[in-house]
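>>> have a look at this prediction, sequence included:
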Protein chains: 2
Amino acid sequence: MTREQLFQQIKRKGSYLCVGLDTDIHKIPKHLLATDDPIFEFNRQIIDATHEYCIAYKPNLAFYEAMGPKGWESLQKTVEYIPNDIFTIADAKRGDIGNTASLYAQAFFDYLNFDAITVAPYMGADSVVPFLYKDKWAILLAHTSNAGSADFQLFESSDGRKLYEEVISRSQQWATPDQLMYVVGATRADRMQEIRALAPENFFLVPGIGAQGGDLAQVSKAGLNKQCGLIVNSSRAIIYASGDKDFATKAATEASNVRDEMESLLTRYA
Amino acid sequence: MTREQLFQQIKRKGSYLCVGLDTDIHKIPKHLLATDDPIFEFNRQIIDATHEYCIAYKPNLAFYEAMGPKGWESLQKTVEYIPNDIFTIADAKRGDIGNTASLYAQAFFDYLNFDAITVAPYMGADSVVPFLYKDKWAILLAHTSNAGSADFQLFESSDGRKLYEEVISRSQQWATPDQLMYVVGATRADRMQEIRALAPENFFLVPGIGAQGGDLAQVSKAGLNKQCGLIVNSSRAIIYASGDKDFATKAATEASNVRDEMESLLTRYA
């Protein structure tokens, strides 16, 4: 999917919501456990219920890998089920050198046909460049929303640059905003504003709304650009809005509420 | 596997060789393609031929993921086939926050029963601590052997510490040398010596010998400690020593030669 196609979808739906498919066999409603593939069945109903309100889905690979080969089958069925005009993100946080990174790219882009994959920057350029495919996206971890992000991402050089700033500046030399996005946590809106100044055109994938406590309005004010530039993820607050048979309806209500707020934020700030 | 058990195996075999099972369907001998599971069949024969000369096997996950669900089955069969007294490393370079990291730990330690997993440090403590299982190991990327390692790992603070040094110092507060190893590339022996001073007791997993050009004698002189402290990996130079029907015999010869050199280096420096 191109940047323009993504932006058109955002405008059409009035939404920049990504639904995180962190589907946990221990958390899904019990009645689904009797089906052939409970993980896929849960995802299918969530997708049916929410696809009008969101522009992206993001399965976190850990949830599928924890299920072994069967988990990969559920993942594959899920990606195939997602409507073609919706952006798909493999939240895999991969990072390995040249030939190995190419194989991960092959696994997620060619085999599973995702539009994007999250990538860890620690190993440098040759661990990121192999993910630069035509009309596909590398989403590089820059400043994450967890407590541990302070351990190394804020490591500061003698001229006052932080590691996450170095990651953003340096990686801009490797790829254009048509192939590269950044993961930018939503827990601090002031930092979002600084990061937007460093990467005015790139899309940011923003975790940390909902269960992790980020504020959508503040983050949007600080981060929206002329082509929206934000994909804001919510996982648990939507997919586990109810733990009962009405889980899909409740997920739709949650997603629809977020979409309504986003539509008004887009009008105000984008 | 405990540190003591690992050390006993090293002494018994006179080897600290890890064989990297980077098994690529496009590189294995053609006659194996007619078997039910060529990837497993190749690994099985490599393991049969080399297990006397090495103390660890390290499948790189990318090679298996690129094959889809079937790749996971080949991986699972491979790990089950490796003799119990040999150390197994999932070279997965995972790095994600708390609950997600726990699921990766579950996938690799509980489901696949690996002894160790390689972990990326970028997201900090809460992406590493979930891998601290009893008698299991987190192997944290510190200073890798690829060209891109210079991009961020050498990022320097105002007091002259480099990022990889910060990773090593800070992570020592999270875990003891009984649970934590580091990935330390073999391409520069002087740096190996500095890193050994920072982490005198930890085991280092050393890639970069063989195809990547590191020198075994220099690296061993700089890195060996009283409990050996090194696991030196070789992948392509061993498993693709021949591309023909004699691949297993040739792999055994290569592994045996490396073992002989290691035995003498252990006597000299450990």
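Happy to help now that I have it. Numbers count the residues shown, from 1 in each chain, chains lettered A, B, ... in the order given.
>>> from here on, just use CA atoms for contacts and neighbour counts.
Fine.
>>> what about the helices in chain A?
Ranges of helices within chain A are A:3-13, A:38-50, A:61-65, A:69-81, A:98-105, A:149-152, A:163-171, A:189-198, A:216-223, A:236-239, A:247-269, based on DSSP state H.
>>> could those helices go into CSV alongside distance to residue B:166, mean neighbour count and mean pLDDT?
As requested, those are exported to CSV (distance: least, CA to CA, whole Å; neighbours: other CA atoms under 10 Å in any protein chain shown; pLDDT from 0 to 100):
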stretch, distance to residue B:166, mean neighbour count, mean pLDDT
helix A:3-13, 37, 17, 97
helix A:38-50, 40, 21, 98
helix A:61-65, 27, 24, 95
helix A:69-81, 36, 20, 95
helix A:98-105, 25, 21, 92
helix A:149-152, 8, 20, 95
helix A:163-171, 12, 20, 97
helix A:189-198, 23, 17, 92
helix A:216-223, 30, 21, 94
helix A:236-239, 34, 23, 95
helix A:247-269, 39, 18, 96
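>>> any idea which of the ones you listed gets closest to residue B:82?
Of all these, helix A:69-81 sits nearest to residue B:82, with 19.3 Å by CA to CA.
>>> can I get the CA coordinates of that closest one in PDB?
Extracted in PDB, the C-alpha atoms of helix A:69-81 (Å, rounded to 0.1, in the frame of the first residue of the first chain):
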ATOM      1  CA  PRO A  69       2.800 -24.000  14.000                       C
ATOM      2  CA  LYS A  70      -1.000 -23.700  14.600                       C
ATOM      3  CA  GLY A  71      -0.500 -20.100  15.600                       C
ATOM      4  CA  TRP A  72       1.100 -19.400  12.300                       C
ATOM      5  CA  GLU A  73      -1.800 -20.900  10.500                       C
ATOM      6  CA  SER A  74      -4.300 -18.700  12.500                       C
ATOM      7  CA  LEU A  75      -2.100 -15.700  11.600                       C
ATOM      8  CA  GLN A  76      -2.100 -16.600   8.000                       C
ATOM      9  CA  LYS A  77      -5.900 -17.000   7.900                       C
ATOM     10  CA  THR A  78      -6.300 -13.700   9.700                       C
ATOM     11  CA  VAL A  79      -4.100 -11.700   7.300                       C
ATOM     12  CA  GLU A  80      -5.900 -13.300   4.300                       C
ATOM     13  CA  TYR A  81      -9.300 -12.400   5.900                       C
END
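>>> so is it next to chain B?
Yes. With CA under 8 Å from any CA of the partner chain as the criterion, chain B is reached by helix A:69-81 at A:69, A:70, A:72, A:73.
>>> which one of these is nearest residue B:57?
Of all the residues of helix A:69-81 next to chain B, residue B:57 sits closest to residue A:69, with 21.0 Å by CA to CA.
>>> for the closest one, what are its contacts?
Shown in contact with residue A:69 (CA atoms under 8 Å, 6 or more residues apart in numbering or on different chains): B:69, B:70, B:72, B:73.
>>> do that again at 7 Å, thanks
B:69, B:72, B:73 (CA atoms under 7 Å, 6 or more residues apart in numbering or on different chains).
>>> so which of these is the closest to residue A:18?
residue B:69 (25.8 Å).
>>> how near is that closest one to residue A:2?
Residue B:69 is 29 Å from residue A:2, where distance means CA to CA, to the nearest Å.
>>> check residue A:208 too.
25 Å.
>>> so these two - more neighbours on which side?
Neighbour comparison, residue A:208 and residue A:2: the larger count goes to residue A:208, with 22 against 15 (by other CA atoms under 10 Å in any protein chain shown).
>>> surely that one is in contact with residue A:183?
No. Here residue A:208 lies out of contact with residue A:183, judged by CA atoms under 7 Å, at a distance of 10.5 Å.
>>> can you name the residues of the stretch 101-250 of chain A that neighbour chain B?
A:103-104, A:106-107, A:122-126, A:144, A:146, A:148-149, A:151-153, A:156-158 (CA under 7 Å from any CA of the partner chain).
>>> show the buried residues in those.
The neighbour-count test (16 or more other CA atoms under 10 Å in any protein chain shown) marks A:103-104, A:106-107, A:122-126, A:144, A:146, A:148-149, A:151-153, A:156-157 as buried among those.
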